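Output the structure for:
(chains A and B)
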Amino acid sequence: MSIHLPILPLVIPLLGGLFMLLPPFVGAERYAARRTASLCLITLQFACSVWLICSVMTTGPMMYAVGDWQPPFGIILYADLLSAMLLCLTSLLALGITLYSFSGVDREGRYFHPLIQFQLLGIYGAFLTNDLFNMFVFFEVLLISSYALVIHGGGKQRTAANIHYVILNLIGSSLFLIALGTIYGTTGTLNIAHMSQRITELTEGQTLIAQAGGSLLLIVFGLKSAMLPLHFWLPRTYAAATAPVAALFAIMTKVGVYCIYRVYTVIFGDQAGELANMIAPWIWPLAMLSVVVGTIGVLASPSLRTLAGNLVVVSVGTLLIAFALRTPEATAAGLLYLVHSTLITAALFLIADMLGQQRGKALDRFVIARKVSQPALLGALFFITALSVAGLPPFSGFLGKLVIMQSVTLGVEKAWVWSAILISSLLTIVALSRAGTTLFWRYPPNADPDESSMVSAWQVSGVVLLLLASFAMVIFGAFAVEYTTEAANQLHDIDALLDLMKLSDGVN
Amino acid sequence: MESLYVVCVGIITACGVFLCLRGRTFSIVVGLTMLSYAVNLFLFSSGRLNMTGAAVLGLAEDYADPLPQALVLTAIVIGFAMIAFVVILAMRGRADLGNDLVDGREPPDTKKLIDITRGKK
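Below is the predicted model of the structure:
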C-alpha cells in the first residue's frame, strides 16, 4: 500500500469529484450530501498528505512510476519533503475554505464542491509530478476548474474579470507548450531529473535553443505566479471571485513559484554548465519590482480584497527574492514564508468577505458605511491577520521574514533585500492600519448595525482554522525551520534525485 | 520542407498573436484557435521532421519519435476543451456585459472610430 502512497492524493479528488457528479449528490436540494462528501474527501486528502510527510521523513523521497513505466520513459511522480509539505498546506487551506463555504456560498452554484475537488487534483498534481509535460496537463486541470470557479455565483464583474483571466491563461498555455517543445527538441526528454543531466551535454547551438525554451518557461510560470510585469490580472480577478475561491487561489500563485523553484533549481541549477542559473539576473530586478509595485498597490487599494490581492503580489516578490539568492538556506527561508503567506492571505480574503457582509452596500470598500455588527470578533481576526501580514512578532509573518533576511549573506544583497522587505513591511502596516480604522471605527453616528448579518459559525471556523495553522508554525517554529531546511537541501541535492530515478550511472 | 514548415508555423503564430491583441472576444477566440494550431504543429516538429521514419518497430533502420505525437494528441484535446470553454464564456460575456468587448466597455478614445449603434439597428 505504502508504495502507492504518492498517487493517493491524486486518486482521491479525481474519483471523489467524479462521484460527486452522480445521482446521490447531484441536484440543488442535495447540498448537504455534497457538503459531507466534500468534507470527508478533503479530510482524507489531509490525512494522506500527513502520512506522505511521515513516510518521506522516515524513508526519504519517494518515486512513483505511473503504470510502472520506469524513468526516463514513463511519467514519474516524485514526492520529497517539499511537495509533501505543499500538499499538506493545500489540503489544509481547502479544509478552511470548504468550512467557510458551508455558510451558503457553495449553494450559489451546483458544482462548487466537485469543482473544488478538480481544482485540488490539478494543484496536487502540479506539486507531485516530475514530468514537464505532465506538469502542463495538471496546470490545465487546475486552470479549467479555476475558470469555472472564478464565475461561481455569477455577475457582471466576475464575467468581465474571468474573460481576462481565461484569455491570458490560454495564451500562457500556448507559451508553455512552445517552451516544452523547444526543451524537448534539444534535450530529448521530459523527465525533469533526466533533463538536468542532458542539459549539460548540449552542443553550442542547442544550448541557445534550450535557453530560449527556459526563458519562455519563466514567462509562463511568471504569469501563473503573478510576477511583475505579468501581475495585472491578479488583483482584479481575486477581488471579483467569491471569497472562498479567492482564498483557495492564494495557493495558485504559489504553484507558479513552486515551479520556478523546482525547474530552475533542478534543470537550470548550479550543475547546468553554461546554462547554470540562467534566469538569476532576470529574477533579481523582477522580484524587487514585484515587491515595490505590490506595495504601492497595497497603499492605493480602494477595498480590502484588492489590498489582499496586492499583498499576494508582494509575497510573490518576496518569495522570488528568496529564490534569487540561490542558496539552500534562502530556499528554506522562502519555503517557510510561502506557507505563512498562503495561510494569511487566504484568511484575509475570508475576513474581507465577512466584513463586506456586515457593512451593507459599501462591502469591503474603504468608505464610511454602516457599523460592523460584530466588531469584537471581526476586529480581533483582522488585527491578528494584519499583524501577521506585516511581520510583527509573535506571529508567523515575523518568523517568515526574519529567516529570509537572515539567509542573506553578501553585503550588497543584504542592503537591497533588507531595505525592500523592511520598507514594504512598514508601508503594509500603514495601509492595513488605515484600512482597519476605516472599516471598524468610521461610521455615521446614528446608523445602527445590521443585526441580521451575523457571520455564521462555519465562516468563523474556516478563518480560525487557517489562523491556528499559522500559529502552529510559530509554536513549532524549530520543527518548521528544520523541516524546510531539510526540504531545501533535498531540492538542491540533484544527485540524490538522479540516484532515486536510477539515472545516475550514465546509461541513456 | 523544413523552411516551408517553419514559415507556416510562423505565419499562423503571427496571425494568432495579432488576433489575440484585438479588442473583441470573437477575434480573440479565432486568434487563440490559430495559436493552438501553431503550437500543435510546433510540438510535432520537436521530434524532427522525417519523411522515412517508421512508425512501427522492426520495419526500418530509423524510427519516427513517437513522443511528440502523443504530446500533440494531448495538446489537441486540451486545446479543444479550452476553446470550447472560451466560446461559451464569450457568449456569457456578451449576454452579461451587453457587448463583445474584452474590457466589457468601449475604450474611451476609440469611441469616434467605432460605430456603437452597430448591431442594434
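
nearest residue to residue A:271 other than its sequence neighbours?
In this structure, residue A:271 finds its nearest non-sequential neighbour in residue A:494, 5.9 Å apart by Cβ to Cβ, 6 or more residues apart in numbering or on different chains. (Each C-beta comes from the backbone N, C-alpha and C, glycine too.)

my read: that neighbour touches residue A:267, true?
No: counting by Cβ atoms under 8 Å, residue A:267 is not a contact partner of residue A:494; they are 9.3 Å apart.

Kindly tell me how buried the residue nearest to residue A:271 is, as a neighbour count.
Residues lying near residue A:494 (other Cβ atoms under 10 Å in any protein chain shown) number 21.

ditto for residue A:457
12.

ditto for the one 10 residues further on
Using other Cβ under 10 Å as the criterion, residue A:467 is surrounded by 23 other residues.

ok so it is a helix residue?
Yes: the assignment for residue A:467 (DSSP: H, G, I helix; E, B strand; the rest coil) places it in a helix.

host element of residue 77?
Going with chain A. Applying DSSP states H and E as the criterion places residue A:77 in strand A:76-79.

not what I meant, chain B
Taking DSSP H and E as the definition, residue B:77 sits inside helix B:66-97.

so where's the chain uncertain?
Assuming you mean chain A. Within chain A, the ranges that satisfy pLDDT under 70 run A:1, A:505-508.

Sorry, I should have been clearer: chain B.
Counting by pLDDT under 70, chain B shows low-confidence ranges at B:109-121.

Quick check: the residue sitting furthest away from the middle of it vs chain A, distance?
Among the C-alpha atoms of chain B, the one most distant from their mean position (Cα atoms, centre = their mean) is that of residue B:58, at 36.7 Å. Distance from residue B:58 to chain A, counting by Cβ to the nearest Cβ, to the nearest Å: 19 Å.

Could you count how many residues lie near the residue nearest to residue A:443 when sequence neighbours are not counted?
With Cβ to Cβ, 6+ apart as the criterion, residue A:443 has its nearest non-adjacent residue at 4.1 Å, and that residue is residue A:371. Burial measure for residue A:371: 18 neighbouring residues, criterion other Cβ under 10 Å.

Residue A:371 against residue A:449, yeah?
Yes: in this structure, residue A:371 is within contact of residue A:449 by Cβ under 8 Å, at 4.4 Å.

what's the span of stretch B:46-59, first residue to last?
23 Å (Cα to Cα, to the nearest Å).

Give me the residues contacting it.
Contacting residues not belonging to stretch B:46-59 are listed as A:181-182, A:184-185, B:1-2, B:5, B:60, B:62-69, B:71 [Cβ atoms under 8 Å, 6 or more residues apart in numbering or on different chains].

Now list the buried members of those.
Applying 16 or more other Cβ atoms under 10 Å in any protein chain shown to those, the neighbour count classes A:181, A:182, A:184, A:185, B:64, B:65, B:67, B:68, B:71 as buried.

can you tell me which two in the residues you listed are farthest apart?
Comparing all pairs in these by Cβ to Cβ, the longest separation belongs to A:182 and B:64, at 19.2 Å.

Alpha carbons only: can I get the one helix or strand residue A:251 maps to in PDB?
Of the helices and strands defined by DSSP H and E, residue A:251 is found in helix A:243-266. Provided in PDB are the C-alpha atoms of helix A:243-266 (Å, rounded to 0.1, in the frame of the first residue of the first chain):
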ATOM      1  CA  ALA A 243     -14.300  34.800  -1.100                       C
ATOM      2  CA  PRO A 244     -13.600  31.100  -0.600                       C
ATOM      3  CA  VAL A 245     -12.400  30.800  -4.200                       C
ATOM      4  CA  ALA A 246     -10.100  33.800  -3.900                       C
ATOM      5  CA  ALA A 247      -8.700  32.300  -0.700                       C
ATOM      6  CA  LEU A 248      -8.100  29.000  -2.500                       C
ATOM      7  CA  PHE A 249      -6.400  30.900  -5.300                       C
ATOM      8  CA  ALA A 250      -3.800  32.100  -2.700                       C
ATOM      9  CA  ILE A 251      -2.100  28.700  -3.300                       C
ATOM     10  CA  MET A 252      -2.400  29.100  -7.100                       C
ATOM     11  CA  THR A 253       0.200  31.800  -7.400                       C
ATOM     12  CA  LYS A 254       2.400  29.600  -5.200                       C
ATOM     13  CA  VAL A 255       2.100  26.800  -7.800                       C
ATOM     14  CA  GLY A 256       3.900  29.100 -10.200                       C
ATOM     15  CA  VAL A 257       6.500  30.000  -7.600                       C
ATOM     16  CA  TYR A 258       7.000  26.300  -6.700                       C
ATOM     17  CA  CYS A 259       7.600  25.500 -10.400                       C
ATOM     18  CA  ILE A 260      10.200  28.300 -10.600                       C
ATOM     19  CA  TYR A 261      11.900  26.800  -7.500                       C
ATOM     20  CA  ARG A 262      11.700  23.300  -8.900                       C
ATOM     21  CA  VAL A 263      12.500  23.800 -12.600                       C
ATOM     22  CA  TYR A 264      15.200  26.400 -12.200                       C
ATOM     23  CA  THR A 265      16.900  24.600  -9.300                       C
ATOM     24  CA  VAL A 266      16.900  21.100 -10.800                       C
END
